[in-house]
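Enquirer: What shape does this take:
(one chain, ligands or ions: 1)
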Amino acid sequence: MIPLPPLPQPPADELKIFQTTVSWGITDPERFHALLDEARQLVAPGYYLGDNLFTWCRNVSPLEDPHFVTAWQNNAINDSDEAILWRRYILACAAAHAIHLEGDFVECGVYAGTGVKTVIDYLGGPQFPKTFWGYDTFDYNPVEGHAFPGQAPGFFHAICERFQAYPQVRLIQGLLPDSFQQGAPQRIAYLHIDLNHAEAEIAVLNVLFDRVVPGGMIILDDYEWSGVYRAQKLAEDQWFQSRNYRVMPLPTGQGLVFKR
Ligand SMILES: C[S@@+](CC[C@H](N)C(=O)[O-])C[C@H]1O[C@@H](n2cnc3c(N)ncnc32)[C@H](O)[C@@H]1O
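Expert: Numbers count the residues shown, from 1 in each chain. Reported below is the predicted structural model:
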């Protein structure tokens, strides 16, 4: 049995709050934030405000897990990484489950590696006991209009350096799904798909879904986001329906699938 990081008992009468101004899809940010600033003062304690999510009367569990907080804070390299706290904790908790199963960890769409590294550092850092495969084109973004800061020649090299102390991380550069030909695990315990593109995500599922072990978890980062991401939910719902699976939509914008 692999021991998980200890979870201290927090005070029963104290609640954490989380607030960031990083959100998307807002027409008048100044007015929006002024209104939310007023609204948060009208709600009962324990609120979470960020990443397009405002909820209150919550325990805000990510902030009550000090080992996670350290992993999250040490790895956040931009405002978005800080804002998506709850999304990151979903990954950390899925990983805490999957680490006990047979099979490797996989992330399709790694970008700077912050999602991978947060999970690994939460669960042992350099002692993380699984092989973690990360796939991305790295030096460019094949999804139109989605290039992230730094995606230019040399980026892959910089991300490899970020994982220098982690021999269990195998970063594969290239366009998915073809880059699976460079190597891919046969047994998968944890599969995080974050490509921002319906066709590519379905292509990944076509190759990897059958390799996910019973009890394994699949996290679809964009599943419950609408707008330009809605195409992913529409395609994935049909794909999973044809296999008699239902995606669990999360208020974080992610979708979760438990493999049978
Ligand atoms: C949103 S970012 C991933 C963020 C990362 N999962 C995290 O948690 O920080 C999406 C990434 O998917 C990559 N990508 C999109 N389509 C791809 C494809 N067909 N093959 C390889 N990488 C792809 C992009 O280059 C980009 O780095």
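Enquirer: all contacts plus neighbour counts: C-alpha atoms, from now on.
Expert: Fine.
Enquirer: for the protein, longest strand please?
Expert: Longest strand of the chain, by residue count under DSSP state E: strand 212-220.
Enquirer: buried ones in it?
Expert: 212, 213, 215, 216, 217, 218, 219, 220 (16 or more other C-alpha atoms under 10 Å).
Enquirer: Let me have these in CSV, extended by pLDDT.
Expert: Formatted as CSV, the buried residues of strand 212-220 follow (pLDDT from 0 to 100):
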residue, pLDDT
212, 98
213, 98
215, 98
216, 98
217, 98
218, 98
219, 99
220, 98
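Enquirer: ok, the closest residue to residue 56 other than its chain neighbours - contacts?
Expert: Of all residues not flanking residue 56 in the chain, residue 47 sits nearest, at 4.0 Å (C-alpha to C-alpha, 6 or more residues apart in numbering). Going by C-alpha atoms under 8 Å, 6 or more residues apart in numbering, residue 47 touches 16, 17, 18, 40, 54, 55, 56, 57, 58, 59, 60.
Enquirer: what's the spacing between the residue nearest to residue 114 when sequence neighbours are not counted and residue 238?
Expert: Nearest non-adjacent residue to residue 114, counting by C-alpha to C-alpha, 6+ apart: residue 75, 6.0 Å away. Going from residue 75 to residue 238 by C-alpha to C-alpha, to the nearest Å gives 35 Å.
Enquirer: that older thread, mind checking how far the longest strand of the chain is from the chain centre?
Expert: 14 Å (C-alpha atoms, centre = their mean, to the nearest Å).
Enquirer: Do stretch 39-52 and the ligand come into contact?
Expert: No. Using C-alpha under 6 Å from any ligand atom, stretch 39-52 never reaches the ligand; the gap is at least 13.6 Å.
Enquirer: Could you export that stretch as PDB, CA atoms only?
Expert: Output in PDB follows, covering the C-alpha atoms of stretch 39-52 (Å, rounded to 0.1, in the frame of the first residue of the first chain):
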ATOM      1  CA  ALA A  39     -21.500  39.600  -3.800                       C
ATOM      2  CA  ARG A  40     -18.800  37.700  -1.900                       C
ATOM      3  CA  GLN A  41     -19.400  40.000   1.100                       C
ATOM      4  CA  LEU A  42     -23.000  38.900   1.100                       C
ATOM      5  CA  VAL A  43     -22.400  35.100   1.300                       C
ATOM      6  CA  ALA A  44     -21.800  32.800   4.200                       C
ATOM      7  CA  PRO A  45     -18.100  31.800   4.700                       C
ATOM      8  CA  GLY A  46     -16.200  29.300   2.800                       C
ATOM      9  CA  TYR A  47     -16.300  30.700  -0.700                       C
ATOM     10  CA  TYR A  48     -14.400  29.900  -3.900                       C
ATOM     11  CA  LEU A  49     -14.200  32.500  -6.600                       C
ATOM     12  CA  GLY A  50     -12.100  31.900  -9.700                       C
ATOM     13  CA  ASP A  51     -11.800  29.900 -12.900                       C
ATOM     14  CA  ASN A  52     -15.400  30.900 -13.800                       C
END
